[in-house]
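[1] okay, sequence plus prediction incoming.
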Amino acid sequence: MDAANPLYGLIAEFETPTELVEAARRTKEAGFRKFDAFSPYPIHEMDDAMDLHDNRVSGFTFIGGLLGCIGGFGLATWCSFVALPLNIGGRPLISVPMFIPITFECTILLGGLTAAISMLVMNGFPSPYHPVFNVERFAGASRSKFFLCIESADPKFDRQATENFLVSLNPEEIAEVAP
Amino acid sequence: MAQPVELPDQIYVGPVIDEGHSLASVSDKVGNIVLKRKITLGWTLGLFLAIGLLQALAAGAVWLFMKGVGVWGINIPNGWGFAIINFVWWIGIGHAGTLISAILLLLNQSWRNAINRFAEAMTLFAVMCAGMFPVMHTGRPWLAYWMFPYPNTMDLWPQFRSPLLWDVFAVSTYFTISAVFWFVGLLPDLATLRDTSKKRWQQVIYGMLSMGWRGSARHWQRYEKASLLLAGLATPLVVSVHTVVSFDFAVSIIPGWHTTIFPPYFVAGAIYSGFAMVLTLMIPVRKFYGLDDIITMRHLNNMAKVTLATGMVVAYGYIMEAFFGYFSADKYEKFMIWNRMTGPYAVFYWCLILCNIVTPQFLWSKKIRTSPGILWIISIIVNIGMWLERFVIVVTSLHRDFLPSSWGYYAPTIWDWAVYIGTLGFFMTMILLFVRVLPLITIFELRMLLPGAQVREKVAH
């Protein structure tokens, strides 16, 4: 990278989702690793094209739900058995069926919160600033346009060669992304 | 991704989104309601009316907190009155939002895309209204935190065997998860507003709220996974919430409450009233904001069908209640149902049958399902009917129980009405503000319904 003229990467704009998926597939085949595609709605074919199979959200959610389940039942049991044991009509202090609703609600609560928070954290949110926002036309990414950005941090990145590669993908526009 | 489905002619009532829309046009159409549209006289008058009604809540609450729950009509034997009726009614209304956003997502029903945002907002506001009632019913809202388990100097802990405590957990979980699900769904649309708004303050506010969403494929992949997980968790949650609400009644030993049919019958009733409320709100909104190309006849038709189907489940519940009363051979149960049908509150019971069983039968006609005006009137009747249902359940079971010497009669006071009407004002205020500050339709999911949005076959290998 040129020290005097730092660059985050190069971004190419496409008109249709089909072109974007094709471009992403070819970028991956060309050996680039640090690149990203941007679209105004989720494109499921993209997961295969870019080899995205991050299942950690599910894993975290399961752990969150499990903690909620144990925590909910534990809370009910501890309160009724240890902290405030009340004999009501000879019923058992640990009344398992009566503790199920709260156990269930705590499972959902912690599972749901974990799903949302782990998604936000792994996506790096909140991040109000990102270099791609410097590209004026990028505003279209949340409306009707499709973008592919190859980062200069990629080992294969070369200012001229990468631009030639992007041109070969037949985009509408190519722009430099300031860091 | 949602694929357009070919339907046979006799059931086809139109597309989920009208022809002629593009990725840009749906974004603008929905976004401009927030960003460009001028504040109209109708909206201002509506807000004026809503805030006017809201004052009834303020007055009712102040008087209640000064004097105590004695200002309401409740007294032994009717320890429960309007507060519980309205709580159950509002919570039930909320259920349609979660059903549309979660269950229909899991069932891959693409028509939900145009209505889920609005229905979820309705859920949040309805749950807020619902949540006010138990807090007010305690008469000492400043001690409401006693409902939560926390270490305290009194060395007391909540009673985990009580359905009332289950309610605390169920409703607070429901509100939290609905709010989170709603916010997650909003992220991409907030980014759209950020990128299309021209005013600096709008860019800053929507920019902060959208958390820097930029539509990255890596983000979408996790986003879709999290949405699916949230939908999967919200689905049993919504069923559990009204089940727990019904446990408030069913776990007791009061005649007419102590029945096993209550959980499914309450859940169906909740969805029934919720869909009716979605129709009540959606039909005017669709008209005022000219959204009939996005919220099409297909949506109204489908919502009317769900209303009819859940209405039939509710009708089954009423018939079974009467049958149990007769078949139980228990004189208190038998008396309860007879008293409900012929006693001092009989007129409410028969009105409820008229509103909830007779009226929805009109929805068998496709002509009625596709006439917004008539559908709107039916939806209001169903809302009233569902309120009457809760009134009949709460009041008739309590006012004449086992001992004739302890019988009584319940009538609401002006303060009961003030609080109830006040929450209607609160609900309207929130809905009116919502349609002006947030996109009332999920834009990114609408884009997925467009014909050009799918990836063509040649690269999908």
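    Perfect, I can see it now.

[2] at the geometric centre of chain A, which residue sits there?
    A:N123 (4.2 Å; Cα atoms, centre = their mean).

[3] which residues touch it?
    By Cβ atoms under 8 Å, 6 or more residues apart in numbering or on different chains, the contact list for A:N123 reads B:S216, B:R218, B:H219, B:R222, B:Y223. All C-beta atoms are positioned from the backbone trio N, CA, C, and that covers glycine.

[4] could you dump the residues you listed to JSON lines with neighbour count, distance to chain A and pLDDT?
    Below are the contacts of A:N123 laid out as JSON lines (neighbours: other Cβ atoms under 10 Å in any protein chain shown; distance: Cβ to the nearest Cβ, whole Å; pLDDT from 0 to 100):
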{"residue": "B:S216", "neighbour count": "21", "distance to chain A": "5", "pLDDT": "94"}
{"residue": "B:R218", "neighbour count": "18", "distance to chain A": "6", "pLDDT": "94"}
{"residue": "B:H219", "neighbour count": "24", "distance to chain A": "5", "pLDDT": "95"}
{"residue": "B:R222", "neighbour count": "23", "distance to chain A": "5", "pLDDT": "96"}
{"residue": "B:Y223", "neighbour count": "23", "distance to chain A": "6", "pLDDT": "96"}
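
[5] where does chain A dip in pLDDT?
    For chain A, the stretches with pLDDT under 70 are A:1-5.

[6] which residues in it form helices?
    Secondary structure of chain A, counting by DSSP state H: helices at A:17-29, A:45-49, A:56-77, A:96-122, A:159-168.

[7] export these to a markdown table and tack on mean neighbour count and distance to chain B?
    A markdown table is the format used below for these (neighbours: other Cβ atoms under 10 Å in any protein chain shown; distance: least, Cβ to the nearest Cβ, whole Å):
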| stretch | mean neighbour count | distance to chain B |
| --- | --- | --- |
| helix A:17-29 | 21 | 5 |
| helix A:45-49 | 20 | 5 |
| helix A:56-77 | 19 | 4 |
| helix A:96-122 | 21 | 4 |
| helix A:159-168 | 14 | 16 |
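
[8] show me how chain A divides into domains.
    Domain segmentation of chain A under automatic domain parsing yields A:9-53+A:128-177, A:56-123.

[9] for residue 163, list the residues it contacts.
    You didn't pick a chain, so chain A it is. Counting by Cβ under 8 Å, 6+ apart, A:E163 makes contact with A:L10, A:I174.

[10] please go with chain B instead
    A:P101, B:V244, B:F247, B:D248, B:V251.

[11] quick one: the helix or strand harbouring the third one to helix A:56-77, angle?
    In this structure, B:F247 sits in helix B:217-250 according to DSSP states H and E. In terms of direction (axes from the mean of the first three to the mean of the last three Cα atoms, to 10 degrees), helix B:217-250 departs from helix A:56-77 by 30 degrees.

[12] show me how far helix B:217-250 is from its chain's centre.
    Per Cα atoms, centre = their mean, to the nearest Å, the displacement of helix B:217-250 from the mean C-alpha position of its chain is 15 Å.

[13] how about the one helix or strand B:L281 maps to and chain A, any contact?
    Per DSSP H and E: B:L281 is located in helix B:262-288. No - between helix B:262-288 and chain A, judged by Cβ under 8 Å from any Cβ of the partner chain, nothing touches; the nearest distance is 11.1 Å.

[14] for that helix, what is the average pLDDT?
    For helix B:262-288, mean pLDDT rounds to 94.

[15] which parts of that helix are buried?
    Neighbour-count burial for helix B:262-288 flags B:262-283, B:285-286 (criterion: 16 or more other Cβ atoms under 10 Å in any protein chain shown).

[16] likewise stretch B:44-59?
    Buried residues in stretch B:44-59 (16+ other Cβ under 10 Å): B:G46, B:L47, B:A50, B:L53, B:L54, B:A56, B:L57.

[17] and what of stretch B:75-87?
    Buried residues in stretch B:75-87, counted by 16+ other Cβ under 10 Å: B:P77, B:N78, B:W80, B:G81, B:F82, B:A83, B:I84, B:I85, B:N86, B:F87.

[18] who wins for proximity to B:T442 among the helices of chain A?
    The closest of the helices of chain A to B:T442 is helix A:96-122. By Cβ to Cβ, the value is 16.5 Å.

[19] now the closest one: how far from the chain's centre is it?
    Centroid separation for helix A:96-122 versus its chain: 20 Å, with Cα atoms, centre = their mean.

[20] just to revisit the earlier point, top of the contacts of B:P163 by neighbour count?
    Among the contacts of B:P163, B:V244 has the most neighbours (other Cβ atoms under 10 Å in any protein chain shown), with 28 neighbours.

[21] relative to B:T123, how far out is it?
    In this view, B:V244 and B:T123 are 16 Å apart by Cβ to Cβ, to the nearest Å.

[22] same deal with B:G408?
    36 Å.

[23] same check, this time on B:L209
    B:L209 is 19 Å from B:T123, where distance means Cβ to Cβ.

[24] which one of the two has more residues nearby?
    Using other Cβ under 10 Å as the criterion, B:L209 and B:T123 rank with B:T123 on top: 30 against 18.

[25] show me the shaky parts of chain B.
    The model of chain B has pLDDT under 70 over residues B:1-13, B:457-461.

[26] which residue is nearest the middle of it?
    When Cα atoms, centre = their mean is applied to chain B, the residue found nearest the centroid is B:G94 (2.0 Å).

[27] okay, and it sits in which element?
    For B:G94, the host element (DSSP H and E) is helix B:82-98.

[28] packing partners for that helix?
    helix B:116-137, helix B:163-196, helix B:217-250, helix B:262-288, helix B:372-399, helix B:414-437 (3 or more Cβ pairs under 8 Å, 6 or more residues apart in numbering or on different chains; DSSP states H and E).

[29] just the CA atoms of that helix, as PDB, please.
    C-alpha atoms of helix B:82-98 as PDB (Å, rounded to 0.1, in the frame of the first residue of the first chain):
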ATOM      1  CA  PHE B  82     -61.900  -4.000  34.900                       C
ATOM      2  CA  ALA B  83     -58.200  -4.200  35.600                       C
ATOM      3  CA  ILE B  84     -58.000  -7.900  34.900                       C
ATOM      4  CA  ILE B  85     -60.500  -7.700  32.000                       C
ATOM      5  CA  ASN B  86     -58.400  -5.000  30.300                       C
ATOM      6  CA  PHE B  87     -55.100  -6.700  31.100                       C
ATOM      7  CA  VAL B  88     -56.200  -9.900  29.400                       C
ATOM      8  CA  TRP B  89     -57.800  -8.000  26.500                       C
ATOM      9  CA  TRP B  90     -54.700  -6.000  25.700                       C
ATOM     10  CA  ILE B  91     -52.300  -8.900  26.100                       C
ATOM     11  CA  GLY B  92     -54.500 -10.900  23.700                       C
ATOM     12  CA  ILE B  93     -54.400  -8.100  21.100                       C
ATOM     13  CA  GLY B  94     -50.600  -8.200  21.300                       C
ATOM     14  CA  HIS B  95     -50.500 -11.800  20.300                       C
ATOM     15  CA  ALA B  96     -51.300 -11.300  16.600                       C
ATOM     16  CA  GLY B  97     -48.100  -9.300  16.200                       C
ATOM     17  CA  THR B  98     -45.900 -12.100  17.400                       C
END
